[in-house]
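# just need the structure, nothing else, for what follows:
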Amino acid sequence: MEVPQFSGIDVLSWIVFLPAIGTLAVLALPSSARRPMQWISIVATAIPFLLAAWVYFGPFEKGNGGMQMITEARWIPAFDIFYRVGIDGISLPLLLLNTLLFVVAVPASFTIEKGRKGYFALLLLLETGVSGVFVALDFFLFYVFWEVMLLPMYFLIGIWGGPRREYAAIKFFLYTLIGSVLMLVAMVALYLDADVDPAAPGLQHTFDLLQLQALAQAGQLNGQNLLGDGVLLGLAFQTWIFAFLFIGFAIKVPVFPFHTWLPDAHVEAPTPVSVILAGILLKLGGYGMLRINFPLAPDAFHDAANFLAILGVVNIVYGAFVAMAQKDFKKLVAYSSVSHMGYMLLGFAAMTEWSVNGATFQMFTHGISSAMLFLVVGVIYDRAHHRDIAKFGGISQRMPVYFGLSTLGMFTSLGLPGLAGFVSEAMTLVGSYEKYPVYVALSVIGIVITAAFFLWTIQRVFLGPLNEKYKELPEINGREVFSQAPLAVLCVVLGILPFLVLDWQGPAIENFLNLIGAKS
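Modelled structure (predicted):
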């Protein structure tokens, strides 16, 4: 099917760069123009979401596992760097989720009072960076978009965050920077080692991710063009590449022991930024593993798969136990994210069709449930001005609508059958059982603990006698319901109709498993 072009620019580029245009429009306004800033931000996020939804249900061929809607143009010819974008069934659902979460985050940001102009400008720039990562098919372009995300998030936490915002922002920046440097080293090494036409004189370098994947599949990214014997300090070239890329992406997930930046960032970040951070930024690490890490170092991945599965189990169990110990509502949700990302890593390590489908679906379902839970925390914090779980009690009597939405978000996150979280976790564990039965059995501990701390939280915050201090607490308002409603609907719909995502991602994952020699 021919893909329509808009003014000579492909639709994916519109999705990526419309928020950046919104950034420029916001910056052009006077600081007092509050309403225009809000409306520009709404439009600059709503149009990309509508375009992404149109692509999802329109021209995208869901039975096609390859890349679609590819557009490219020379960018830096001297180094064979292209502006090259495209999507497949793995990237498109995450692109749609990303645009939806920014639509949700904008109205949730209307309570921001300090530096609104800078806040909305940075929020829109952040969307451009995240969307760009999901469509980039040139490693250099991928890296540029990856770095574009860093500074907006740093300032959004460091300026608009809580009392320890500077510490949390610097910690986030340093962790992410370390990962970025390792990724840069791996990217340059792969570029220098790649030879897309061995018959031609001299090395033909490339940043093209599809060409690099083909070279890796053929066993040609082995470091011999760069190192001669393909060995550095006693380790194979591919082992180094895998390790550097994995650490870079594991920091973003985050995988134990690289997770310590996450609770601080979440606790100090304003609510809409926490929504973006948990809902989509963590998924960039998993996406990078699927798109770059595993396909470009497939042999090293197979060697390390058991170790990755162990890390996944540690994330699941450790994250759940630490979450249960939290007194701060927001920190509890943050550590629950650490636990849930463990399922993703376990599913990737097992590398069966069911496990990878479940793990990839887990990125989507956790994106909607975690975003919803951070919005839930933001609502009660705006009213009570604290997040101490033990100081609440009986809130459901004053806020029944809020109680219903909160319960739905928590039940989705703990994996209640009939809701989206159950499908992704069940698929992941069932698909991983054949290869890692012991690890799956240990992961069940995390499921039980997750159910325990969410049910305990519901009991302490919403049930029992009403704390007299909160007898006049106002119900959730229309703006807050608007932010949570799309996520609540998806929690239910994807629990009943998971094929609305699985049918799109399935062929691409089958193609991916064939690519790395793990089809089962």
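# give the buried residues for the helix ranked longest in the chain.
In the chain, assigned by DSSP state H, the helix with the most residues is helix 353-384. By neighbour count with 16 or more other C-beta atoms under 10 Å, helix 353-384 contains the buried residues 353-380, 383-384. Using the backbone N, CA and C atoms, a C-beta is placed for each residue, glycine as well.
# so how far is that helix off the chain centroid?
Chain-centre distance of helix 353-384: 10 Å, with C-alpha atoms, centre = their mean, to the nearest Å.
# which neighbouring elements make contact with the next helix-or-strand element following it?
As assigned by DSSP states H and E, the chain's next helix or strand after helix 353-384 is helix 400-414. The elements that helix 400-414 packs onto, with contact taken as 3 or more C-beta pairs under 8 Å, 6 or more residues apart in numbering; DSSP states H and E, are helix 353-384, helix 420-433, helix 437-462, helix 478-496.
# neighbours of Val275, how many?
Counted with other C-beta atoms under 10 Å, the neighbours of Val275 add up to 28.
# do you know how far it is from Ile178?
When distance is defined by C-beta to C-beta, to the nearest Å, Val275 is 25 Å away from Ile178.
# ok, now Ala189?
Summarising the geometry, the distance separating Ala189 from Ile178, computed by C-beta to C-beta, is 17 Å.
# can you check Leu277 too?
In this structure, Leu277 and Ile178 are separated by 18 Å, where distance is defined by C-beta to C-beta.
# more neighbours, these two?
When neighbours are counted by other C-beta under 10 Å, Leu277 comes out ahead of the other of Leu277 and Ile178, with 24 against 14.
# what's the span of stretch 385-400, first residue to last?
According to C-alpha to C-alpha, to the nearest Å, stretch 385-400 extends 20 Å from its N-terminal end residue to its C-terminal end residue.
# can you list contacts of it?
When contacts are defined by C-beta atoms under 8 Å, 6 or more residues apart in numbering, stretch 385-400 is touched by residues 326-332, 377, 380-381, 384, 402-403, 457, 460-467, 470-476.
# try stretch 171-188
Outside stretch 171-188, the residues that touch it by C-beta under 8 Å, 6+ apart are 139-140, 143, 146-147, 150, 153-154, 157, 207, 240-241, 244-245, 247-252, 254, 258, 260-261, 264-265.
# give me that answer again for 7 Å
Taking contacts as C-beta atoms under 7 Å, 6 or more residues apart in numbering, the residues outside stretch 171-188 that touch it are 139, 143, 146-147, 150, 153-154, 157, 241, 244-245, 247-248, 251-252, 258, 261, 264-265.
# stretch 25-32 now?
By C-beta under 7 Å, 6+ apart, the list of residues contacting stretch 25-32 reads Pro36, Met37, Ile40, Ser41, Lys117, Phe120, Ala121, Leu124.
# show me those that map onto strands.
With strands identified by DSSP state E, none of the entries of the contacts of stretch 25-32 belong to them.
# by neighbour count, which of these wins?
Among the contacts of stretch 25-32, the one with the most neighbours (other C-beta under 10 Å) is Ser41, at 29 neighbours.
# was I right to think it contacts Pro19?
No - taking C-beta atoms under 7 Å as the definition, Ser41 is not a contact partner of Pro19, at 8.7 Å.
# shared neighbours, these two?
Between them, Ser41 and Pro19 share the contacting residues Leu124, judged by C-beta under 7 Å, 6+ apart.
# dump the contacts of stretch 25-32 to TSV, plus pLDDT and distance to Ile310.
Written out in TSV, the entries for the contacts of stretch 25-32 read as follows (pLDDT from 0 to 100; distance: C-beta to C-beta, whole Å):
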residue	pLDDT	distance to Ile310
Pro36	92	52
Met37	93	48
Ile40	95	48
Ser41	94	43
Lys117	92	47
Phe120	95	43
Ala121	95	43
Leu124	96	40
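# return the closest of those with respect to Trp504.
In terms of C-beta to C-beta, no member of the contacts of stretch 25-32 lies closer to Trp504 than Leu124, at 26.7 Å.
# picking up where we left off before, can you list the helices and strands packed on helix 400-414 in CSV and add mean pLDDT and distance to Tyr56?
Output for these, formatted as CSV (pLDDT from 0 to 100; distance: least, C-beta to C-beta, whole Å):
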stretch, mean pLDDT, distance to Tyr56
helix 353-384, 92, 12
helix 420-433, 94, 17
helix 437-462, 93, 30
helix 478-496, 93, 13
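# adding distance to Leu233, write those out as JSON lines.
Below are the helices and strands packed on helix 400-414 laid out as JSON lines (distance: least, C-beta to C-beta, whole Å):
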{"stretch": "helix 353-384", "distance to Leu233": "32"}
{"stretch": "helix 420-433", "distance to Leu233": "33"}
{"stretch": "helix 437-462", "distance to Leu233": "31"}
{"stretch": "helix 478-496", "distance to Leu233": "46"}
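# the ones you listed: which one's closest to Ala304?
The closest of the helices and strands packed on helix 400-414 to Ala304 is helix 437-462. By C-beta to C-beta, the value is 14.6 Å.
# give me the buried positions along the closest one.
For helix 437-462, a neighbour-count test (16+ other C-beta under 10 Å) marks 439-440, 442-443, 446-447, 449-451, 453-454, 457-458, 460-462 as buried.
# tell me the angle that helix makes with helix 400-414.
Our comparison of helix 437-462 with helix 400-414, counting by axes from the mean of the first three to the mean of the last three C-alpha atoms, to 10 degrees, yields an angle of 170 degrees.
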